[in-house]
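Asker: Quick one, fold the following:
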Amino acid sequence: MAKKVLILSSSPRRGGNSDMLCNEFLRGAVDGDNEVEKVFLRDKEIHPCLGCGVCSRGKKPCPQNDDASEIIDKMLCTDVIVMATPVYFYSMSAQMKALIDRCCGLYTEMTDKEFYFIATAAEDDPTIMDRIILNFKGFLDCLENPVIKGSVFCGGVWHVGEIKGNLALRKAYDMGRSIG
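Answerer: Alright, predicted model coming up:
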């Protein structure tokens with residue numbers, strides 16, 4: 001059965017290594033007859049959470065006028081969420097963290113979602129992905145019935161294009177293709 005898939009690419013570089021993994025995941029998911037949308041967070045204006053409590057008290061919309069609510073609405077309406085990030089100082093990108101923080105008002109409505117994680121790092125140590133997943137799990141632990149379906153990590157890639165020819169690209173494609 002086809003699923004709605006939302007890919008959140010938080011690379012600050014269009015065509016960067018983690019973004020290239022997103023493109024392969026997307027290609028695989030489309031080949032698997034899924035409905036897929038990719039959001040490139042760099043192109044969106046996402047302000048940091050103000051901690052004002054407007055969204056969490058009384059379920060009112062966030063007073064900030066930016067693109068976060070549009071993206072969060074997409075997250076609510078999809079079956080599968082792919083969260084992709086380059087690794088900076090052993091953590092997710094600021095773009096991804098800002099979006100997660102803005103989910104404060106509606107996270108209780110993100111139920112029964114499937115998650116995939118994609119990460120790239122300059123350091124070629126596969127245990128880095130454990131740290132990244134742990135970061136993402138801090139978010140997922142607040143959701144109702146999230147399921148981690150898979151992850152792709154590619155270390156040893158720093159500069160744009162260094163991932164070309166890496167087997168992680170095929171893994172991302174295959175993972176996207178396997179959705180269903």
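Asker: in this protein, which spans are strands?
Answerer: 4-9, 35-40, 80-86, 114-121, 147-155 (DSSP state E).
Asker: average pLDDT across the longest helix seen in the chain?
Answerer: If you go by DSSP state H, the chain has its longest helix at helix 17-31. Average pLDDT, helix 17-31: 98.
Asker: next one: stretch 78-97
Answerer: For stretch 78-97, the per-residue pLDDT averages 97.
Asker: what's the pLDDT at Pro48?
Answerer: For Pro48, pLDDT reads 96.
Asker: could you list every residue that touches it?
Answerer: With contact taken as CB atoms under 8 Å, 6 or more residues apart in numbering, Pro48 is in contact with 98, 101. All C-beta atoms are positioned from the backbone trio N, CA, C, and that covers glycine.
Asker: quick one: it from Met129, how far?
Answerer: 26 Å (CB to CB, to the nearest Å).
Asker: One more: Cys22?
Answerer: Distance from Cys22 to Met129, by CB to CB: 16 Å.
Asker: More neighbours: which of those two?
Answerer: Cys22 (26 against 20; other CB atoms under 10 Å).
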